[in-house]
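*Asks:* okay, sequence plus prediction incoming.
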Amino acid sequence: MVEARLHVNLVRESATAFSWALRVFWQFFRVRPLTTLGLLISLLGERITTLLAFFLPLKVIILAGSDGIPRYFRFFIQDEHRMEWIIGLSIAAVVFFILSFVFAAISRRFSAAGSMEVLQGANEIAVTTAQREDAQSYYSDFSQIVSGMLLALLAFVVLYFIDHRVFFAIAGLVFLEYGATFMFLRLGDVLNPRGILKIILRNLGGYLGFFSNVNFLAGFLVILIPYVFFEYDGNILFAILAILLMRQGMGAVSRSITLTTDLWHKRLAVDPMVFRDVTAKRREKNVSRDLRVLFEKTRREDVLEREIPKISGGDARITSEFRDVGFPQFYTFSVSIQLQDSNDIQHLQDQVFSARQSNLLERETFLFQHINRRDVHAPLVLGLYEDGPFKCQLVEAGFGKPVSRKEWGATLHAIVQRLWAFALPIGLINAFKSGNVTLSGRLSEDHIKRVKVSLDTSKQTEVFNAFLQHFETICDLVSTVPLYLHNNDMAKPACVFDFGDEGFRIMYWQRWTIDHIGTFLPPKLDGDALEEMLSAVREKRRLSEDTLTVAHVRLVSRFKELEGLIMREQFNGALRLMAEILKNPLVANHAP
């Protein structure tokens, strides 16, 4: 077995990321020194005034609720000035609370002004609104990283002088936590993360938040225990301040690390906005990297050699090739199996789903909990396995190739007729409708009224008004057309495989939906061929002739086409289609 593992050196990665963040911030400072300095001061001012706005009310409550002056206030408050101090500290708390909002507003103004200057310095051409918004966000984020680290440094320096026991306790815990994180990343496999490593990679904010809470609790216990067990004669005021400093300091560190990590992942978009000599580049996505490493041909076939015997029941020679499908983050490999004691070759298809698309596999599984695969020409699933973040499904593949171009037209007609003729169980229909709407309910009058912007002639206005008058009737007519199981991939020749005497199989069933018969029609389907198909469908589903006619199917087809035209804002085409729908005999024979 070829093992594919990817490790991370935390020391190197964190040093690289933070040095990059400081380099970007220095570029901001170099281009707009006063604005950047003002932004940094306003961000620090906001956090410090917020801290004081919470700290001072605690002093007021302790002072107001005590008989006389508490001993830890006596070194600067006299008995005769107690009330003046209560009033003064209360006013100061309100002032600091207001100042925190003032500093926040000032920081937003500095961020907007400075980001535009930096963006214009790195780009000769005009920038888009999205770029301006991104630049302002980046400018603010990098400034918050630096201000957060400065605040943390200030908080822990003050904490050291207030209570060095708490300082050293937290410093020791941070060292241990960093070391543990280093080992998790160094020894774990980033491509196939498990346990704590998975939490670090998928939920860094939660991971840091947990340690921040642990450190806060540890510091709180270090402060509390001497008072409880050793009758410690310390300054309560300093103890409260130490608790607030711990919370602010640990929060600032956690926010700075999270922001740095997020921005480091966006560095290929950030650098061209900041540095004139850097051009925009596409960063390889994690899913692409994982696919490239995990499904390299040699390793892929090694994994299949481990999985296939569970299906074939014996040793086999296995070859695998990548197939172009065109679905985002969903990949297909053709697999050929030749057992050692046989010359016959069995063909399978390995369908690989990224974590982002794993819900598609769940959709397919849900569908075939309600219906039989053979009823809708779906291939049998022969095996399921996971490889790193990917979920994989092995299905039968017949001759291992799509239906021939020569046979495709007849095959598509057979597919559509078979799906139309298959009556869906009511349980599946109800489950689908609980979270989805069929064609008859998707278009509303508000959607139709979007076409009014294109009413340039009296004839167009007449058609539009007539359609609006008939709209409710049209929706009712569409809703009476029976439902069927629609596969969004059934019209792609590469997705339908040849199974010889067994006919064909639609290989992909992840993007199924339920809608009215007629939402999809094979190309070049004339009226006689359509009537022949509908006759077979009515017989199979035991429907009366007036329930499903050519007019019904044509109405649904045009209504579906109208939906698409309106969504694409092709309003002139929509008006022409409205006129055609009004001529449908089912609509024409119904008074609005």
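*Replies:* Right, received. Where do you want to start?
*Asks:* CA atoms for contacts and neighbours, from now on please.
*Replies:* Noted.
*Asks:* who touches the nearest residue to residue 333 once chain neighbours are set aside in this structure?
*Replies:* The spatially closest residue to residue 333, leaving aside those adjacent along the chain, is residue 322, at 4.4 Å (CA to CA, 6 or more residues apart in numbering). When the contact criterion is CA atoms under 8 Å, 6 or more residues apart in numbering, the partners of residue 322 are 332-334.
*Asks:* show me which residues of the strand or helix carrying residue 322 are buried.
*Replies:* In this assignment (DSSP states H and E), residue 322 forms part of strand 316-323. In terms of neighbour count (16 or more other CA atoms under 10 Å), strand 316-323 has its buried residues at 316, 318-320.
*Asks:* and stretch 27-47, by the same measure?
*Replies:* 27-29, 31-32, 35-36, 38-47.
*Asks:* for that stretch, C-alpha coordinates in CSV please.
*Replies:* In CSV, the C-alpha atoms belonging to stretch 27-47 read as follows (Å, rounded to 0.1, in the frame of the first residue of the first chain):
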residue,chain,number,x,y,z
GLN,A,27,3.1,47.9,3.7
PHE,A,28,-0.1,49.5,5.0
PHE,A,29,1.9,51.6,7.4
ARG,A,30,4.4,52.6,4.7
VAL,A,31,1.7,53.7,2.3
ARG,A,32,-0.5,55.5,4.8
PRO,A,33,1.5,55.9,8.1
LEU,A,34,-0.8,58.4,9.8
THR,A,35,-4.0,56.7,8.9
THR,A,36,-2.7,53.2,9.8
LEU,A,37,-1.3,54.6,13.1
GLY,A,38,-4.7,56.2,13.8
LEU,A,39,-6.5,53.0,13.0
LEU,A,40,-4.2,51.1,15.3
ILE,A,41,-4.6,53.6,18.2
SER,A,42,-8.4,53.6,17.7
LEU,A,43,-8.6,49.8,17.8
LEU,A,44,-6.5,49.7,20.9
GLY,A,45,-8.6,52.5,22.4
GLU,A,46,-11.8,50.7,21.7
ARG,A,47,-10.6,47.6,23.5
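*Asks:* distance from that stretch to the middle of the chain?
*Replies:* 33 Å (CA atoms, centre = their mean, to the nearest Å).
*Asks:* can you give me the mean pLDDT across it?
*Replies:* Looking at stretch 27-47 alone, the average pLDDT works out to 86.
*Asks:* quick one: contacts of that stretch?
*Replies:* By CA under 8 Å, 6+ apart, the list of residues contacting stretch 27-47 from outside reads 99-104, 106-107, 110-111, 113-114, 117-118, 121, 139, 143-144, 146-148, 151, 274-275.
*Asks:* switch the cut-off to 7 Å
*Replies:* The set of residues that contact stretch 27-47 without belonging to it, under CA atoms under 7 Å, 6 or more residues apart in numbering, is 100, 103-104, 106-107, 110-111, 114, 118, 143-144, 147, 151.
*Asks:* swap in stretch 417-426?
*Replies:* By CA under 7 Å, 6+ apart, the list of residues contacting stretch 417-426 from outside reads 376, 484-485, 517, 533, 537, 540-541.
*Asks:* any idea how far apart the tips of it sit?
*Replies:* Across its full length, stretch 417-426 reaches 20 Å end to end, with CA to CA, to the nearest Å as the criterion.
*Asks:* do stretch 261-274 as well
*Replies:* End-to-end distance (CA to CA), stretch 261-274: 18 Å.
*Asks:* how about it: buried residues?
*Replies:* By neighbour count with 16+ other CA under 10 Å, stretch 261-274 contains the buried residues 261, 263-264, 267-274.
*Asks:* tell me which of the residues you listed fall in strands.
*Replies:* Members of the buried residues of stretch 261-274 lying in strands (criterion: DSSP state E): none.
*Asks:* save these as JSON lines, and put in distance to residue 556 and pLDDT too.
*Replies:* Below are the buried residues of stretch 261-274 laid out as JSON lines (distance: CA to CA, whole Å; pLDDT from 0 to 100):
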{"residue": "261", "distance to residue 556": "51", "pLDDT": "88"}
{"residue": "263", "distance to residue 556": "49", "pLDDT": "87"}
{"residue": "264", "distance to residue 556": "50", "pLDDT": "84"}
{"residue": "267", "distance to residue 556": "49", "pLDDT": "82"}
{"residue": "268", "distance to residue 556": "47", "pLDDT": "78"}
{"residue": "269", "distance to residue 556": "45", "pLDDT": "77"}
{"residue": "270", "distance to residue 556": "49", "pLDDT": "80"}
{"residue": "271", "distance to residue 556": "51", "pLDDT": "80"}
{"residue": "272", "distance to residue 556": "50", "pLDDT": "77"}
{"residue": "273", "distance to residue 556": "50", "pLDDT": "75"}
{"residue": "274", "distance to residue 556": "53", "pLDDT": "76"}
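*Asks:* since that was my last question, I'll sign off now.
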